[in-house]
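A.B. asks: the following block contains a protein sequence and its predicted model.
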Amino acid sequence: MRLTGYAHGGGCACKIPPGELEQIVAGLAGVGHESLLVGLDGGDDAAAVRLDGNGIALLSTVDFFTPVVDDPYDWGRIAAANALSDIYAMGGRPVLAVNLLCWPREVLPLELATEVLRGGLEVATAAGCPVAGGHSVDDPEPKYGMAVTGVAPADRLLRIDAGVAGTPLSLTKPLGVGVLNSRHKQTGEVFPLAVATMTQLNRAAAEAAVTAGVRCATDVTGFGLLGHLYKLARASNVTAIIDADAVPYLDGAREALRDGYVSGGTRRNLAWVDPHVEWRGRAAAEDSERLLLADAQTSGGLLVGGELPGAPVIGELVPRREHVIEIR
């Protein structure tokens with residue numbers, strides 16, 4: 001049974017578009033408690049509160065989505081890695097997760113749901129994070145994810161608003177899973193490298209960033225590289241310059257785009273950021289280049305305001321200019 005056929009979208013591409021989401025939460029930003037270190041204001045990956053007297057921040061996040069692949073075990077692994085990524089993107093360590101499962105119990109066998117949960121448990125176990133129960137509902141559309149709690153030193157959080165001009169930008173995973181997942185949904189083709197990328201934890205990248213003294217990072221998921229970069233540069237009051245030729249892509253991504261496998265989420269990402277981007281070079285002339293940079297990722301890598309061993313530098317942060325992003 002092809003799980004992706006039971007969902008209107010796939011993975012993080014099924015998110016509410018970023019512009020609409022900001023309208024929804026606009027009246028809630030700035031509302032918090034004195035212990036709240038990170039809330040809605042900057043659009044960070046997880047919330048953070050300071051625990052009394054010990055210098056530790058408690059991190060909290062939740063992430064779930066519709067099937068991104070047909071294999072239930074792989075879907076569970078991908079969804080868990082994606083949820084855990086929000087904790088890593090804040091420089092934290094996950095300490096507890098609970099499952100969120102929506103299942104059409106009269107349509108899909110319960111054995112498939114077991115496989116989804118088994119995949120999630122395996123990835124969380126590899127992260128050293130116990131999974132303790134969760135919540136399930138009977139739903140016409142299958143969805144799975146996790147709510148994750150983590151901890152981090154309160155004075156060493158990775159934040160979206162901590163970017164500094166003169167800092168390089170590094171990306172720890174290649175782009176392109178969005179168009180490959182769209183191809184998989186429509187054709188059934190399997191892309192093992194895309195699955196391996198999506199199930200790879202961002203733990204090592206986060207640890208390297210904290211060790212290197214980095215203070216600015218986010219993960220690249222449903223809003224694409226451009227969407228998450230826009231949020232980072234806007235919150236940090238800088239301009240981000242990207243060298244389009246330095247951005248890495250998975251094998252087959254350009255071919256999938258050429259053949260028309262572009263999600264609606266990717267097109268909405270591009271429409272949202274386009275007014276804030278100065279396009280130069282190839283991206284100014286080719287729609288394909290702009291769509292790849294906006295490709296809706298699922299369980300993508302970290303976008304780091306700093307240099308990390310083994311991660312390509314794709315650009316830099318500079319003092320704020322007319323546009324929030326410049327593509328060269």
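C.D. replies: Cool, the structure landed. Numbering: from 1, shown residues only.

A.B. asks: quick one: contacts for T125?
C.D. replies: By Cβ atoms under 8 Å, 6 or more residues apart in numbering, the residues touching T125 are V131. The way it works is simple: take the backbone N, C-alpha and C, and place the C-beta from them, glycine included.

A.B. asks: hmm, I was thinking of L292
C.D. replies: L175, G176, V179, V247, Y249, A253, R254, L257 are the contacts of L292 under Cβ under 8 Å, 6+ apart.

A.B. asks: the closest residue to the third one other than its chain neighbours: which element?
C.D. replies: Nearest non-adjacent residue to V179, counting by Cβ to Cβ, 6 or more residues apart in numbering: A256, 4.0 Å away. Secondary structure here is read from DSSP states H and E; on that basis A256 sits in helix 253-258.

A.B. asks: near the residue nearest to V179, how many other residues are there?
C.D. replies: Neighbour count of A256, defined by other Cβ atoms under 10 Å: 26.

A.B. asks: can you check the one 3 residues further on too?
C.D. replies: By other Cβ under 10 Å, 13 other residues sit near D259.

A.B. asks: any idea which element the residue nearest to it when sequence neighbours are not counted lies in?
C.D. replies: Leaving aside its chain neighbours, D259 sits nearest to R183 (7.3 Å; criterion: Cβ to Cβ, 6+ apart). Assigned by DSSP H and E, R183 belongs to helix 177-187.

A.B. asks: how about R77?
C.D. replies: Element membership of R77, judged by DSSP H and E, is helix 72-89.

A.B. asks: which SSE is immediately downstream of that helix?
C.D. replies: strand 93-103.

A.B. asks: can you list the strands that that next one pairs with?
C.D. replies: Sheet pairing for strand 93-103, assigned by DSSP bridges, gives strand 131-138 (parallel), strand 143-153 (antiparallel).

A.B. asks: for E34, which of those strands is the nearest?
C.D. replies: Nearest to E34 among these is strand 143-153; the distance by Cβ to Cβ comes to 18.9 Å.

A.B. asks: list the buried residues in the closest one.
C.D. replies: The neighbour-count check on strand 143-153 (16 or more other Cβ atoms under 10 Å) flags K143, Y144, G145, M146, A147, V148, T149, G150, V151, A152 as buried.

A.B. asks: work out for me the element the nearest residue to the third one once chain neighbours are set aside sits within.
C.D. replies: On the basis of Cβ to Cβ, 6+ apart, the spatially nearest residue to G145 that is not a chain neighbour turns out to be F64, at 2.4 Å. Using DSSP H and E, the secondary-structure element containing F64 is strand 56-65.

A.B. asks: who does T149 bridge with?
C.D. replies: Bridge pairing for T149 - DSSP bridges - gives S60, L96.

A.B. asks: ok, it touching R93?
C.D. replies: No: using Cβ atoms under 8 Å, T149 is not in contact with R93, being 10.2 Å away.

A.B. asks: gap between G301 and Y88?
C.D. replies: 10 Å (Cβ to Cβ, to the nearest Å).

A.B. asks: can you list residues touching both of those two?
C.D. replies: With Cβ under 8 Å, 6+ apart as the test, G301 and Y88 both reach N202, A205, D219.

A.B. asks: which members of those residues are positioned in strands?
C.D. replies: Those of these mapping onto strands are D219, per DSSP state E.

A.B. asks: rebuild the shared contacts of G301 and Y88 as TSV, extending it with pLDDT, distance to V107 and neighbour count.
C.D. replies: As requested, the shared contacts of G301 and Y88 are exported to TSV (pLDDT from 0 to 100; distance: Cβ to Cβ, whole Å; neighbours: other Cβ atoms under 10 Å):
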residue	pLDDT	distance to V107	neighbour count
N202	98	34	25
A205	97	38	26
D219	96	32	27
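
A.B. asks: where does this protein have low pLDDT?
C.D. replies: Where the chain drops to pLDDT under 70, the residues are 11-13, 29-32.

A.B. asks: how about a cut-off of 90?
C.D. replies: 1, 7-45, 51-54, 281-286 (pLDDT under 90).

A.B. asks: and stretch 127-144, which residues are buried?
C.D. replies: Judged by neighbour count using 16+ other Cβ under 10 Å, the buried positions of stretch 127-144 are A127, C129, V131, G134, P142, K143, Y144.

A.B. asks: distance between the ends of that stretch?
C.D. replies: Start and end residues of stretch 127-144 are separated by 18 Å (Cα to Cα, to the nearest Å).

A.B. asks: now do that stretch: distance to the chain's middle.
C.D. replies: Centroid separation for stretch 127-144 versus its chain: 19 Å, with Cα atoms, centre = their mean, to the nearest Å.

A.B. asks: what segments of the protein are helices?
C.D. replies: Assigned by DSSP state H, the chain shows helices spanning 18-25, 72-89, 110-126, 177-187, 192-199, 203-211, 224-236, 253-258, 264-273, 281-285, 287-293.

A.B. asks: what's the closest of those helices to A48?
C.D. replies: helix 72-89 (10.1 Å).

A.B. asks: quick one: that closest one to helix 192-199, angle?
C.D. replies: With axes from the mean of the first three to the mean of the last three Cα atoms, to 10 degrees applied, the angle from helix 72-89 to helix 192-199 works out at 50 degrees.

A.B. asks: brilliant, that's me finished.
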